[in-house]
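J.: need a 3D model of the following:
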Amino acid sequence: MEKYLGWTRSLAVIILASALSTQATYADERAEKLQLAEEMIELSQAGNVTKGMIDTLVPLQVAGIKRQHPQLTSDQLAIVSDVMSEELNGVVESVLLISAPLYADTFTKEELTDYVAFYRSDSGRRMIEEMPALTQKGMQLGMQAMQSRMPQAMERLKQRLSKKGIKI
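T.: Down below sits the predicted model:
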């Protein structure tokens, strides 16, 4: 019986040591992945790119508000622009803080290493350099496409609502 208890204790110690070792390995890999994700975010200049997108988006949104509310003065529209910019830029830092764990959970260590290497490469740096202009052009083209479709969309909306007895 004592032999049996000694054997089960030894087995329990081995299992516990193995579990702790696995957990430590997981924690080490998680820490490495978080570090790589943070480095990728920094190298990709995600904060600057996002702020550039906001700088492009806010004037487009303010122009849309002006079309909907032509009675607003330039001073009032400037306030709208300032508040929108402040609020959206305030969110950027929060989003960046939660992004590293998200990337670490989504991508493997090897993938994160590849992304970091890409952003350190000439091609990656060029992409980062060109991204603000590409984003601005893309957003402008998207807004133009939406504006060109708006009359048809409004007509379809009116037709569908009128079938329900609603007039706009």
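J.: list the contacts of Tyr119.
T.: By Cβ atoms under 8 Å, 6 or more residues apart in numbering, the residues touching Tyr119 are 40, 43-44, 125, 128. All C-beta spots, glycine's among them, are computed from the backbone N, C-alpha and C.
J.: among the residues you listed, who's most crowded?
T.: Met40 (25 neighbours; other Cβ atoms under 10 Å).
J.: ok, that residue touching Tyr115?
T.: Yes - with contact defined as Cβ atoms under 8 Å, Met40 counts as touching Tyr115 (4.8 Å).
J.: okay, and which of the contacts of Tyr119 map to helices?
T.: Among the contacts of Tyr119, the residues falling in helices (DSSP state H) are 40, 43, 125, 128.
J.: which members of these are the farthest-apart pair?
T.: Met40 and Arg125 (13.5 Å; Cβ to Cβ).
J.: quick one on the thing from earlier: just give me the closest of the ones in helices among the contacts of Tyr119 to Ile79.
T.: For the ones in helices among the contacts of Tyr119, the nearest to Ile79 is Ile128 (32.9 Å; Cβ to Cβ).
J.: isn't that closest one up against Ala46?
T.: No - counting by Cβ under 8 Å, Ile128 stays clear of Ala46, with 9.4 Å between them.
J.: could you dump the ones in helices among the contacts of Tyr119 into JSON lines and include pLDDT and distance to Gly90?
T.: Conversion of the ones in helices among the contacts of Tyr119 to JSON lines gives the following (pLDDT from 0 to 100; distance: Cβ to Cβ, whole Å):
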{"residue": "Met40", "pLDDT": "95", "distance to Gly90": "23"}
{"residue": "Leu43", "pLDDT": "95", "distance to Gly90": "23"}
{"residue": "Arg125", "pLDDT": "95", "distance to Gly90": "28"}
{"residue": "Ile128", "pLDDT": "91", "distance to Gly90": "23"}
